[in-house]
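In: quick one, what's the 3D model for this:
(one chain, ligands or ions: 1)
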Amino acid sequence: MRISYSALNSYQICPLKYKFQYIDKIKTPKSKEAVFGTLIHSTLNFIHTPAILAPSMEQALDHFSKNWNGDVFADELEERAAFSQGVDIIRRYYNDNDISKINIVALESSFQIKLGDHVVNGIVDRIDRTEDGYEIIDYKTAKKMPSQEKVDNDVQLTIYLQAFLDRYPEERKNLDKLKVSLYFVKHGAKLTSTRTEEDLKNIENKFLEVIEKIGESEFEPVINPLCDWCDFQNNCPMWRHKFKEERKIDTKEVNEAIEEYIKAKDDAKHIRTKIAKLQNTVAEYMNQEGVERVFSENGIIARTLKKTYKYNENKLREILEPLDKWDAINKVNTTALKNVLATLDNSVKDQIEETKELDKESFAFNIKKQ
Ligand code: SF4
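Out: Residues are numbered from 1 along each chain as shown. A predicted model of the protein is given here:
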C-alpha cells in the first residue's frame, strides 16, 4: 500500500473521516482554518527560500497580503481578525528569529519511507543544521499547545525523523543530537524533543498495525475534539442529524419521541435526586425514633439493612486452585486493570489492548445538552 502520512493520521483520529476523504474522495470546500494555515506555511517558506538577501519583514507581509483569500470567511469582521492574526504571526516570527542566521538544509521537502511492504509519504516543513546536529521542524497554526509529554510521544515527528534517517543514515549514530520540534507560530513557541532507537522501532510496528487495519476496512466513526472542524459532519452518522435540512420532513412522530425522551430522562434525574433527599429525611427520623417502618395513609415505608459481601481472593484461590476450578470463576476486574494500565509503558499497554475481544454489543442512550 502507498499512503500519505496525513491519510494515516486521519485514520488514527477517525477511521470514518479517512474513508470519506481518501476512499470515497468526497469533495468539500477548504475550511478557513486550512486556507489560513496554508498561507502561513507558504509565507514561512517564502521567508526561508534561499536568496542573496533574506526577505525583510515588509516583503514577507507583502507576500502574505498578496496571497490573502478573504472568500472563506463568514463576514468582514471575521476576515479582519484572521488577517491581523496573520500579520502578528509574521511580526513575531521576525522578532523571535534571526532569519539570516538560520542554517536551513531543506524546506517543504517530500519524503517516502518504507514500512514493511508499504510506502508512507509526506512533506517535512523545515530541516535546519544546528551546531552539533539537525533539527526537524513542523509549523503548527493551532491555537492550543500540547504538553511536552505529548510532543515527546508525537507520532508525526517520529515519522519525520525516520524519513530524515532514511536520507542521512550516517546520522543514526548521533540520534541524541537530532532534534524534532513543533513550532506553534501563533504563540511564537517551539516545543522540542528527541527520539530513541526504541521509539523508532515502536513507531514502525504501530504504523504497520494501522495499515493492516485500513486493509481490513474498519471504518468506525470516532467522536473527537477535531469533529468541530471536520468537513464531513454532513455525511457522518454521529453529526448528520444536527443539520435540519438533512432531517426527513415526515418524521413528526420520531421528532416528538426525541423531545419527549430528553424530557423524560431529565425528569427521571430530578426524581432520583428528590427520592434520595426524601429518603435521607425519613432515615434520619427512623434513626431518631428507633423505628424501622413508618406509616401514612398512602402506604408503609419499611427499611431493611442490606449487606454485601466479597470473597477474600487469596483464600478462595487456595481452595479452588487445587480443584482446578479457579480459572472458571476468575474474571478480569476491568476497574483494577484500568488502574494497572495507567502505570504501564505504552508498548505493554498496546499489547494489552490487542488482547481485547468483542464480548457483546448493546446500545446505550446518553443525552448531551447543546
Ligand atoms: S465528524 Fe467526527 S466522527 Fe464524524 S467523520 Fe468527522 S471526525 Fe469522524
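In: please name the nearest non-neighbouring residue to residue 122.
Out: Distances taken as CB to CB, 6 or more residues apart in numbering place residue 5 nearest to residue 122, at 3.4 Å, with adjacent residues excluded. C-beta here means a position set from N, CA and C on the backbone, and glycine is covered the same way.
In: that neighbour: how many residues sit nearby?
Out: Residues lying near residue 5 (other CB atoms under 10 Å) number 20.
In: and the one 5 residues further on, by the same measure?
Out: When counting by other CB under 10 Å, one arrives at 20 neighbours for residue 10.
In: surely it touches residue 19?
Out: No. Between residue 10 and residue 19 there is no contact under CB atoms under 8 Å: 9.4 Å.
In: still on that earlier bit, from residue 364, how far out is the residue nearest to residue 122?
Out: Separation of residue 5 from residue 364 (CB to CB, to the nearest Å) stands at 35 Å.
In: ok, residue 278 next?
Out: According to CB to CB, residue 278 and residue 364 sit 28 Å apart.
In: the more surrounded of the two?
Out: The neighbour count for residue 278 versus residue 364, taken as other CB under 10 Å, is higher for residue 278 (11 against 4).
In: and that one, what element?
Out: Here residue 278 sits within helix 252-289, counting by DSSP states H and E.
In: who does the residue lying closest to residue 192 once chain neighbours are set aside form a beta bridge with?
Out: In space, and not counting its chain neighbours, residue 192 is closest to residue 181: 4.3 Å by CB to CB, 6+ apart. Note on residue 181: beta-bridge partners residue 137, residue 192, judged by DSSP bridges.
In: kindly report the same for residue 300.
Out: So, taking DSSP bridges as the rule, residue 300 has residue 295 as bridge partners.
In: count of neighbours near it?
Out: Residues near residue 300, counting by other CB under 10 Å: 8.
In: contact residues of the stretch 101-250 of the chain facing the ligand?
Out: Those residues of the stretch 101-250 of the chain that sit near the ligand, judged by CB under 6 Å from any ligand atom, are 221, 222, 223, 224, 226, 227, 230, 232, 233, 236, 238, 239.
In: most surrounded residue in the residues you listed?
Out: Within these, most neighbours by other CB under 10 Å means residue 230, with 24 neighbours.
In: can you check the distance spanned by stretch 91-109, start to finish?
Out: Using CA to CA, to the nearest Å, one end of stretch 91-109 lies 25 Å from the other.
In: which residues touch it?
Out: Contacting residues not belonging to stretch 91-109 are listed as 41, 44-45, 47-50, 54-55, 57, 60-61, 123-130, 134, 185, 188 [CB atoms under 8 Å, 6 or more residues apart in numbering].
In: now the residues you listed: which count as buried?
Out: Buried members of the contacts of stretch 91-109, counted by 16 or more other CB atoms under 10 Å: 41, 44, 47-48, 54-55, 60-61, 123-128, 134, 185.
In: next step: those residues restricted to strands.
Out: 123, 124, 125, 126, 127, 128, 134 (DSSP state E).
In: export stretch 227-237 as CSV, just CAs?
Out: The C-alpha coordinates for stretch 227-237 follow below in CSV (Å, rounded to 0.1, in the frame of the first residue of the first chain):
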residue,chain,number,x,y,z
CYS,A,227,-15.1,16.9,14.9
ASP,A,228,-15.9,20.6,15.1
TRP,A,229,-13.5,21.2,12.2
CYS,A,230,-14.4,18.1,10.2
ASP,A,231,-15.6,18.8,6.7
PHE,A,232,-17.7,15.6,6.7
GLN,A,233,-20.2,16.3,9.5
ASN,A,234,-23.0,16.3,6.9
ASN,A,235,-22.1,12.8,5.9
CYS,A,236,-21.3,11.4,9.4
PRO,A,237,-23.9,9.3,11.3
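In: what sits closest to residue 148 if chain neighbours are left out?
Out: Once flanking residues are discounted, residue 148 sits nearest to residue 191: 6.3 Å by CB to CB, 6+ apart.
In: that neighbour contacts residue 179, doesn't it?
Out: No. Residue 191 is beyond contact range of residue 179, at 10.6 Å (criterion: CB under 8 Å).
In: how would you label the residue in the stretch 251-370 of the chain that the ligand sits nearest to: helix, strand or coil?
Out: Across the stretch 251-370 of the chain, the shortest distance to the ligand (CB to the nearest ligand atom) belongs to residue 368, at 14.1 Å. Classification of residue 368 using DSSP: H, G, I helix; E, B strand; the rest coil returns coil.
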